[in-house]
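A.B. asks: I'll drop the sequence and a predicted model, then ask my questions.
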Amino acid sequence: MGSEAGEGGELERSMTGAALADANAIPRCPGPTSVSGALVSEMIRFLLMVNRQGQTRLSRYYSDVELRLRQSLEAEVVYRCLSRTKDQCSFVEYQDYKLVYRQYAGLFIVVGVTDDENELSIFEMIHNFVEVLDKYFSRVSELDIMFNLDRVHIILDEMIQNGNIVETNRSRILAPLSAIDKICDG
Amino acid sequence: MSDVVEKTLTALPSLLSLDSQTVATKLSSTSKLGALIRGITELRSKHEEEKLIQRELASLKDQVSSPHTSMRQMKEAMVRAIYCEMLGYEASFSYIHAIKLAQQGSILDKRVGYLAVCLFLKENHELLLLLVNTVLKDLQSTNLIEVCMALTVVSQMFPKDMIPAILPLVEEKLNHSKEIIRRKAVLALYKFYVMAPNQVQHIHNKFRKALCDKDPGVMFASLHIYLQMIKDNPEGYKDLTGSFVTILKQVVSGKLPMDFNYHTVPAPWLQIQLLRILSILGKNDKHSSEIMYEVLDESLKRAEINHNITYAILYECVKCIYTIYPNSDLHEKAAKCIGNFVISSKINLKYLGLKALTFVIQQDPKLALQHQMTIIECLDHPDILIKRETLELLFRITNAQNVTVIVEKMLEFLHQSKDDYTTIDLVGKVAEIAEKYAPENKWFIETMNTVFSLGGDMIQADIPNSFLKLLSEGFDNEEENKKLRLFAVDSYVSLLEGETRKLPQRFLQVIAWVLGEYSHLRTDLDPAKVMTLLSKLLDIRQISSETKTWVLMAMTKLCSGEASISKAQSVCEDYRSSSDTVLRQRAHELQLLSQDPALRGQLLPLHRGSETLEVDFSLSFLDAFVSEALAAGAAPYKPPHQRHEELAQEKALSLEPYELSLPINMSSYSVSGRQSPTLMSGSSGLSGDSTELSAKGSSATLKLEGVKRVWGKEGYLSKEDPVEEVAQVETLSPLSSPNQPPGAGRTLSNAAAPSETPEPQQEKLQLASSLFVGLSLQTSVCLMGQPEPTAQRFRRKAKTPNSSSSALPERVSVAPVPTSSVDNMLSHDPLEATSMLPEVTHETILPPNTEVNALLIDTANSSPSPSNGVEIPFETSENEIAKTPKHECPVRSLPPDLLGLPHTKITSLCSSQTLDVSACHVEKDDSVSLLIFTSNLSDSDMENIHFSFSTEQLQVSLSSERPLHEILKHSNAVCEYSLTVHAPAIHFQMVGTLSYESSSQSREMEFSYKLPLSSFIRPLVISTEQYGTHWLDFSNDTKQNLALVSEGQDPLTDTLNILKRKLGLHVVEVIGLEGIAACRLAQDQPCLLHCRVNAGTLAVWLRSPVPKLPDCLLYHCQRVLEET
């Protein structure tokens, strides 16, 4: 008979109108995932590069977001950022986290962070990222990013891991990739 | 913002999008990737995209499965697959090829293979196992680039179980001559730490070495590990405070190489990371904080360069200053800094300033006064985020006097907001402060009406629940209760008379319940009228069947008098044959009960004040039913995890030890259940599922039909202590500057000459005075007259003294939900079903305790009380207490009846000139008792003493033998709390609040206490047979290799004896190279331990029905063994 008691919680939730709420449910990023008791402190949830038309040029997720939910999330994120004016601040609230965005001509770089993150430091991290790209591609453009998606990802991997900023020194960020390039060229 | 954009535009002109056609042509117009990218840039619609990608996926599939595809082509294919996934189309067929590419490709191909793996696979994907060998090989490669790649991938994802396979190799890399390898090795270890902290416990000293690495990059990397470890256990790393301070000092003063600078600021992100670490270390720790003051001051000074990144550092610095033990000088400087932010014309800075203000406002409410005009302006700011943050700030400074204005502002925002997330969040906040500070009944009911209408059906379930609970339980004043309920009834009757179509379901449910329960209070209201109003609801098309059941339930309560009964009958007709079983049952009940007033009166009595129902979780009242069913040949019940396990065992090779020692796999259920039902319920207490059930507590409430409120044991009592927060807002930190801050003087002059200010300004001033009233001790800001001390209106009746201690994460949903558990009993006759009810044990918990009322005393308007939350770290019994109490403690001794028991040293928790609180804990047979020694050092008596605790993992209850109400001047008192484990943890941190009245002022003190899990561990004496039986029942397990103690002849016995001595395990048996031991948490929450000597280490396997218990116990085992 324990089954009724054990599943009572389930039963109750479905009975108290959760079904109704579910119909309006919005895709959500899961909270910080707990692995073996330790709370993972991924401050950065994702980084997106999106153009003015709302097309994703690069996306990197540091928390589990299902593939099928990503598109709607990205669309929503772009909408939020595009609808901002210049006299509004570079941060937007989205669900339970904040979006930090920076616009470079037609390209938006949007970073989703948890609420306890320092938005301004992320804002500058984006710029640092762009400066690194600029150095590598010598004057980076949207097409550079598109044609070198793998390289941009490799650069990003050096800068952000598991949602943490792990390296900010420009020459060090580029070192591994430059080494690979050297071998491939020569 | 605009200047920033301009700057970036001039700096990076070439980002101007698609003008650099050269790149495109250079990168092969013939390649498939080039074609795909061109295709993507030319897309015009979603439909086109889908067509393009589907085509691409098909061609990819062909290509990757063809044996002729070269690695170079495969690399390109992977990039294309990355594109497809980026656009949201799954390319799972390529995952295995990504791994293959990482295995076989040459340098760049390999890197892309690794990259694709990281992008495609989730952390627990089974394919990751195939990567282990590749990583292993690359880690051993002589090519540094390959080593680098392998480390990069490992630090992002790696199968948890395979960590031991590569751990030695990664460790080795910590000594590598190249900084990049060392750095990446540290990052990999960070990942391991996050995934499995136990696995890297033995290399903590190597982390220290990394922290002291001569290369700043390696040191930076190690900070990630430290931040995480210090978050998990701040006490363990206090000795490093000095090192972190030194590092920060060096960074701030520019000792790093130039290439670490970002726009001339030295390693800003490194500084931020260090500040975060420092703030955790300095929290509640005066000694550590004092070490930091100088460098924080320096950081504030250095950050003079006008650049965003310096502001980011400043923000972190301010946060740190307000987190650690207060220093008035620093507070002043930080406050000034926040001030600069808030008034900045740069919108990003303004936002950050508001955020900082929100953060510090509870400690320093005066700061809000200084910036009140800015805050008012921000309330009307065009940027929604600024508005939102301002509301957040206001939420934190809400008190009984400004609640109406703040709620009004919040509702105003809610009316405009279209974002669901914001709505849910804000609605919850409005409900919270409305309940806490409501000035009058009418306002409260109306506010809640708005909350319910605006929140709609997305509203958190606990809002209606909490509201109904408040109505039904009421407060101390019966007259007030009645008034509030009457208001609610009146309000809802008039609502139902209007347009009801738009009302959310949740709101309708609330209305139905209130009307059913309380409309009889309005004697001039004809029940038939209410019945008619309710029955009209049933005709609305959008109404959910759940709401219908609420309505029918309400009608059942109401149907007296002929008109009502005939109405009821006609409703019954409609729903008696409804396809919804619950609804059908309600209809039957309504019909029967409307005809039998006597039974109705018995089942649904009118006045059920505050009686509490105890739910019988063991369902013992069903024993007869169960035994009957078993006798009739039904299969005995097995909990899901057991079923699952048995299923798994059938499939897989059995690796379980002791399978031979199980002569009969006897299930306690089948045997005892068949013979005696009472035995059955007794045994169910021992079996895994019910202990788990009580551990879950809150989520496992059972709905009983016809019952007004059903609570789990801890269920609703989780209501947070409202007083605590008030106190935080109101009390100034003792060290903050006693002088009036400069800003306050300004507002004073503003207030003094209101006639000179222009009209809109006047309005703002008016608003300011109503918003910031009650924040300051000087009433100078208050234009609306003296702030009147209003007591908190809705004082909840506390049910049990430990009500505030069991802070459960989730509140149990309230029971008026007319759901039936009777359905489950296969009974279709409503009468028979309802007659089951008296079987439920009705138990009234202690009557409202006078002592508890101390908790409810409104401290909002009392003068600042000397509250200092000094935390004295308390280490485990093995470690001596490091710190001596600040004040000389009066001599204390344990009560005589506890003297013989093992106990810890008495430590001081907090003290002031008038009061000293110390504590120790005593390990009793079945529980742990926390003894709190309170010494009243002052010249006046302490009254209404009350302790409240907030801890999620422990259950704290007052031992009835020693209740404590008052302490006469210059005397001591002891009170005893019994602690039981609610959810296992390695250490239990309790934060307690002592509230009391002295010289008729209410005061509060905060303290914290920490105790290890090992205090709760008791030996469990069982036989090997019993051990074997239970082993399979327990579903939570953990395995790890521990160090063997290798001094004596028999390492296994020696090791087990150490565990027995230090942790109190019961060693069940030792057979050859294997040994088994058992223990339990104070109640019947067993944990079994199996160990086997294997190649010089001890393979330990722990199992328990309690989640997390094996992990936590393992930690202690490891520590005990490491110490010897």
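C.D. replies: In hand now; what should we look at? Residues are numbered from 1 along each chain as shown, chains lettered A, B, ... in the order given.

A.B. asks: Centre-most residue in chain A?
C.D. replies: The structure's chain A has its C-alpha centroid closest to A:F46; by CA atoms, centre = their mean the separation is 1.3 Å.

A.B. asks: Skip ahead from the helix or strand that contains it and say which helix or strand is next.
C.D. replies: Under the criterion of DSSP states H and E, A:F46 resides in strand A:44-51. Using DSSP H and E, the helix or strand that directly follows strand A:44-51 along the chain is strand A:56-61.

A.B. asks: and whatever helix or strand comes next after that next one, which residues are buried?
C.D. replies: On the C-terminal side of strand A:56-61, the closest following helix or strand by DSSP H and E is helix A:67-82. Buried residues in helix A:67-82, counting neighbours by 16 or more other CB atoms under 10 Å in any protein chain shown, are found at A:67, A:70-71, A:73-74, A:77-78, A:80-81. Placement of C-beta: from N, CA and C, glycine included.

A.B. asks: Just give me the closest of those to B:M195.
C.D. replies: Proximity of the buried residues of helix A:67-82 to B:M195 (CB to CB) peaks at A:L67, which lies at 22.9 Å.

A.B. asks: what's the helix or strand hosting B:V218 packed up against?
C.D. replies: Element membership for B:V218 (DSSP H and E) is helix B:216-232. Helix B:216-232 sits against strand A:38-39, helix B:179-195, helix B:204-211, helix B:268-282, with contacts defined as 3 or more CB pairs under 8 Å, 6 or more residues apart in numbering or on different chains; DSSP states H and E.

A.B. asks: Of all those, which one is nearest B:G88?
C.D. replies: Nearest of the helices and strands packed on helix B:216-232 to B:G88, taken as CB to CB: helix B:179-195 at 27.5 Å.

A.B. asks: Run the angle between the closest one and helix B:216-232 for me.
C.D. replies: Per axes from the mean of the first three to the mean of the last three CA atoms, to 10 degrees, the angle that helix B:179-195 makes with helix B:216-232 is 10 degrees.

A.B. asks: what's residue 114 in contact with, if anything?
C.D. replies: In the absence of a named chain, this looks at chain A. Going by CB atoms under 8 Å, 6 or more residues apart in numbering or on different chains, A:T114 touches A:32, A:42-43, A:45, A:97-98.

A.B. asks: let's do chain B instead
C.D. replies: B:102, B:149-150, B:152-153.

A.B. asks: Would you agree it falls within a strand?
C.D. replies: No: assigned with DSSP: H, G, I helix; E, B strand; the rest coil, B:Y114 falls outside any strand and is helix.

A.B. asks: and it, how far is that from B:E146?
C.D. replies: The gap separating B:Y114 from B:E146 is 10 Å, by CB to CB, to the nearest Å.

A.B. asks: same thing with B:C337?
C.D. replies: Distance, B:C337 to B:E146, using CB to CB: 48 Å.

A.B. asks: go on, B:T500?
C.D. replies: Distance, B:T500 to B:E146, by CB to CB: 70 Å.

A.B. asks: What number of residues are in the vicinity of the closest residue in space to B:E923 that isn't next to it in sequence?
C.D. replies: In this structure, B:E923 finds its nearest non-sequential neighbour in B:P902, 4.8 Å apart by CB to CB, 6 or more residues apart in numbering or on different chains. Around B:P902 sit 11 other residues, with neighbours defined as other CB atoms under 10 Å in any protein chain shown.

A.B. asks: my guess is B:P902 meets B:D925, correct?
C.D. replies: No: B:P902 lies out of contact with B:D925 (CB atoms under 8 Å); the separation is 10.9 Å.

A.B. asks: Tell me the helices and strands packed up against the host helix or strand of B:E56.
C.D. replies: Secondary structure assigned from DSSP H and E places B:E56 in helix B:46-65. Here helix B:46-65 touches helix B:32-41, helix B:71-86, going by 3+ CB pairs under 8 Å, 6+ apart.

A.B. asks: any low-confidence regions in the chain?
C.D. replies: Just so you know, I chose chain A. Applying pLDDT under 70 to chain A flags residues A:1-41, A:186.

A.B. asks: The chain in question should be chain B.
C.D. replies: Residues of chain B meeting the criterion pLDDT under 70: B:1-30, B:303, B:476, B:606-615, B:641, B:644-760, B:774-893, B:960-963, B:1047, B:1082-1083.
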